[in-house]
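[1] I'd like to go over a predicted model; first the sequence, then the structure.
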Amino acid sequence: MKTALWLYLFLFIAFFDLHAQYPMLTPYAVSLGAAPTFIGWMMGIYSLTHLPGNLLAGPGVDRHGSRRYIMLSLTAAGLILIIQAFIKSPWELLVLRGLSGFVLAFLSPACLTLLARLSDHPVTQGKYMSGHGVIHTSASVISPAAGAFIVASFGFRTTFGSLGLLLIATGIMAYFTLPKTRPSAEPAAPLDAEHSRSIPDWRYFLPPFVIACAQGILFYELPLRGAGSASIMSTGILFSVISLGALLTLSMLFLNRYSPILRLTAGIFMMALCFYLLAVFDTSIIVTLFLLGTTKGVIFPAMASLFIILGGSHLGRTFSLQSIVTSIGSFCGPVLAGLIHGYFSPFFAAFLILMIGLALTPLRRIPQPVSLPSSKKAA
């Protein structure tokens, strides 16, 4: 539990730092002279460069543990943010966003693997994942509005520099407080012939892909509804509204008792409906975004629980593959939105993508494992 508390603290700081950038990246790129299509590529390149990092992260975390990867990822991302404060052209921003995507690709597989190994009971693991979601969402509730306020008050350079220093300090703290021992290499008890494979059925990776694609469209489209400092503030508030909705459902820990695949498919369906409402109606956007946030609070713990069950003793590789398809979706989303912006509603495109992904996802229950990798050595 002590390890979980430390990890939650570091995750809160890291997520606060990262989500505070969302409402300012698009205006920052515009201030550097970037066109809408270029902004889509700038946002997408972050996810594209996640791929090589994800490929390296999976085997590395399984072999060496999570501590060094968490520390190096946060510290390197902080240094890049400090450099980002002094750039003068959109192309420099593109390069730095690509580098940032690579170094932060190690963070999610390392954190999720460490949390999953803190217990060998599926329900407890689900609660740890919900706790991860609560921390993530709590930080994202206030960070977009806080980031927008800081940049409106002090400018882009001071904001990026401060966020970079905070990430570096968090990475150094993580190195000295997280466990140094490697995770247990004991194999998990087999589930059945299908689920004992080291790589889960690829159809189960469709949900993180379509969800990331839809979110990428949202992150691109929402800040473009206006311009100027007032728009930055309002965009930050809208992102915070989404996070408040997610926090509501993440706090409902009893949901972890239900089948992950059922929670996941129900959440995707409701998220698709929210994007449809965003595409069709211009009013009640705050209510719709709040409802969209509640679907995220259902989806992400369910998705983590599903991959814990499917991953067995290969949690690092499994979460790495999840991060890979998430990165591809996050790349495709804003790029697609940039290409169709002004011709076709990106929100309606997100609705179609989610519904197609839902239709192709296996709609059957996943059996609970007899046991999962022991956590006692990792804790």
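    Okay, I see it.
[2] From now on I want contacts and neighbour counts done on CA atoms only, so please keep to that.
    Fine.
[3] Now do Leu360 against Thr265, distance only.
    Computed as CA to CA, to the nearest Å, the Leu360 to Thr265 distance reads 11 Å.
[4] More neighbours: which of the two?
    Of the pair Leu360 and Thr265, Thr265 is the one with more neighbours under other CA atoms under 10 Å, namely 22 against 12.
[5] Do I have it right that Leu277 meets Leu289?
    No - contact criterion CA atoms under 8 Å: Leu277 and Leu289 do not qualify, at 9.6 Å.
[6] These two: who's more crowded?
    Neighbour totals were compared for Leu277 and Leu289, and Leu289 leads with 24 against 19 (other CA under 10 Å).
[7] give the contact list for the residue nearest to the more buried one when sequence neighbours are not counted.
    Leaving aside its chain neighbours, Leu289 sits nearest to Ile242 (5.3 Å; criterion: CA to CA, 6 or more residues apart in numbering). Taking CA atoms under 8 Å, 6 or more residues apart in numbering, we find Ile242 in contact with Val141, Leu289, Phe290, Leu291, Leu292, Gly293, Thr294.
[8] could I get those as a markdown table with secondary structure and pLDDT?
    A markdown table is the format used below for those (DSSP: H, G, I helix; E, B strand; the rest coil; pLDDT from 0 to 100):
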| residue | secondary structure | pLDDT |
| --- | --- | --- |
| Val141 | helix | 71 |
| Leu289 | helix | 91 |
| Phe290 | helix | 92 |
| Leu291 | helix | 93 |
| Leu292 | helix | 93 |
| Gly293 | helix | 91 |
| Thr294 | helix | 93 |
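[9] now the residues you listed in TSV, with distance to Phe12?
    Formatted as TSV, those follow (distance: CA to CA, whole Å):
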residue	distance to Phe12
Val141	11
Leu289	22
Phe290	21
Leu291	23
Leu292	22
Gly293	18
Thr294	19
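[10] gap between Met129 and His136?
    From Met129 over to His136 the distance is 10 Å, taken as CA to CA.
[11] The one helix or strand Arg63 maps to packs against which elements?
    Using DSSP states H and E, the element containing Arg63 is helix 50-64. Other helices and strands packing on helix 50-64, by 3 or more CA pairs under 8 Å, 6 or more residues apart in numbering; DSSP states H and E, are helix 90-104, helix 107-116, helix 315-340.
[12] now for those helices, which one comes closest to Asn54?
    Shortest distance between Asn54 and the helices and strands packed on helix 50-64, using CA to CA, is found for helix 315-340: 5.2 Å.
[13] what's the average pLDDT for that closest one?
    Per-region confidence: helix 315-340 scores 82 on mean pLDDT.
[14] before we move on, what about stretch 9-21?
    On average, stretch 9-21 scores 79.
[15] how about the CA coordinates for that stretch, as PDB?
    The C-alpha coordinates for stretch 9-21 follow below in PDB (Å, rounded to 0.1, in the frame of the first residue of the first chain):
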ATOM      1  CA  LEU A   9       1.400  11.000  -5.600                       C
ATOM      2  CA  PHE A  10       3.800  11.000  -8.500                       C
ATOM      3  CA  LEU A  11       1.100  10.200 -11.000                       C
ATOM      4  CA  PHE A  12      -1.000  13.100  -9.700                       C
ATOM      5  CA  ILE A  13       1.900  15.500 -10.200                       C
ATOM      6  CA  ALA A  14       2.700  14.000 -13.600                       C
ATOM      7  CA  PHE A  15      -0.900  14.000 -14.900                       C
ATOM      8  CA  PHE A  16      -1.400  17.600 -13.600                       C
ATOM      9  CA  ASP A  17       1.700  18.700 -15.500                       C
ATOM     10  CA  LEU A  18       0.700  16.900 -18.700                       C
ATOM     11  CA  HIS A  19      -3.100  17.800 -18.800                       C
ATOM     12  CA  ALA A  20      -2.300  21.400 -18.000                       C
ATOM     13  CA  GLN A  21      -0.900  21.600 -21.600                       C
END
